[in-house]
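**Q** sequence and predicted structure below; questions after.
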Amino acid sequence: MKGLLIVDMQNDFCAGGALEVKESEHVIEPINKLIEKFNKNGDFIIGTLDWHPKEHKSFGENSNGEIGKIGELNGIPQIWWPVHCVENTFGAQIHKEILFFENKIYKGTSIEIDSYSGFFDNGRLKSTNLHKILCENNVDTLYVVGLATDYCVKFTVLDAIDLGYKVYVVKEGCRGVNINENDSILALENMEKMGAHVISIKDIKF
Ligand code: VGL
Ligand code: ZN
């Protein structure tokens, strides 16, 4: 079974948000086309949400870290982020123009560790229910879209490959933070090198 995996399409990563991703408004239409297509075909749809307590230590202000710089959090390299996607706030809500989908995975919920991947936290200490739910629904092939290409999309895709999924990354449905100018391009190259198929929405024929 095919699965559509929509990564972190939340207000804080969209225009005007706390961790705004440039051109994020361009991903809405392709993602909605895919949601319609998957709904019509009876294929599986699930989304991840970045969902942090306000005390989360990945926030620069909670760790004395300069925004955008790298530090260390409990022995793991950590980029210090602005406060974003605080649980139950507007910034953490899914963008209102994204069509409804039911299945959601919440990540980044533990104060002491960040979680870019929808499957595991950054230390691979704990897993979410994502793999379990996909297995229960016989999903073996994932189409991945969302924000941000160079963080949560990338780490979700690499873990999905590791777990044995066939993975397609739909490029029109992804945009990156690009702290360094080429980060999104490098992330897509890296995902391809590890076995993902980077495709255009036009290549999808089902
Ligand atoms: C993300 C940085 C911090 C993402 C989440 O969704 O890519 N990036 N938290
Ligand atoms: Zn986050």
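**A** Structure received. Everything numeric in this text was worked out from a predicted model, so none of it was measured. Ligands and ions are numbered 1, 2, ... in the order given.
**Q** drop to CA atoms for contacts and neighbour counts, all remaining ones
**A** OK.
**Q** OK, contacts around residue 174?
**A** 24, 27, 145, 146, 147, 148, 149, 153 (CA atoms under 8 Å, 6 or more residues apart in numbering).
**Q** can we see that at 10 Å?
**A** 6-7, 9, 23-24, 26-28, 30-31, 144-150, 153, 184, 188 (CA atoms under 10 Å, 6 or more residues apart in numbering).
**Q** which SS state does it fall under?
**A** strand (DSSP: H, G, I helix; E, B strand; the rest coil).
**Q** how near is it to ligand 1?
**A** 10 Å (CA to the nearest ligand atom, to the nearest Å).
**Q** please name the nearest non-neighbouring residue to that residue.
**A** residue 146 (4.8 Å; CA to CA, 6 or more residues apart in numbering).
**Q** list the contacts for the one you found?
**A** Applying CA under 10 Å, 6+ apart, the residues near residue 146 are 5-10, 13, 24, 27-28, 31, 47-48, 152-153, 169-176.
**Q** so which of these sit within strands?
**A** 5, 6, 7, 47, 48, 169, 170, 171, 172, 173, 174, 175 (DSSP state E).
**Q** element containing the closest residue to the third one other than its chain neighbours?
**A** The spatial neighbour of residue 7 that comes closest, neighbours along the chain excluded (CA to CA, 6+ apart), is residue 146 at 4.4 Å. In this structure, residue 146 is located in strand 141-147 according to DSSP states H and E.
**Q** partner strands of that strand, with direction?
**A** Paired strands of strand 141-147, with direction, are strand 2-7 (parallel), strand 166-175 (parallel) (DSSP bridges).
**Q** type out the PyMOL command that picks the buried ones from the contacts of residue 174.
**A** Under the burial definition 16 or more other CA atoms under 10 Å, those of those that qualify are selected in PyMOL by:
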select buried, resi 6+7+9+24+27+28+30+31+144+145+146+147+148+149+150+153+184+188
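**Q** out of the contacts of residue 174, who's near ligand 1?
**A** 147, 148 (CA under 6 Å from any ligand atom).
**Q** my read: residue 102 touches residue 45, true?
**A** Yes. Assessed by CA atoms under 10 Å, residue 102 is found in contact with residue 45 at 7.6 Å.
**Q** the more surrounded of these two?
**A** Set residue 102 next to residue 45 and count neighbours by other CA atoms under 10 Å: residue 45 wins out with 22 against 8.
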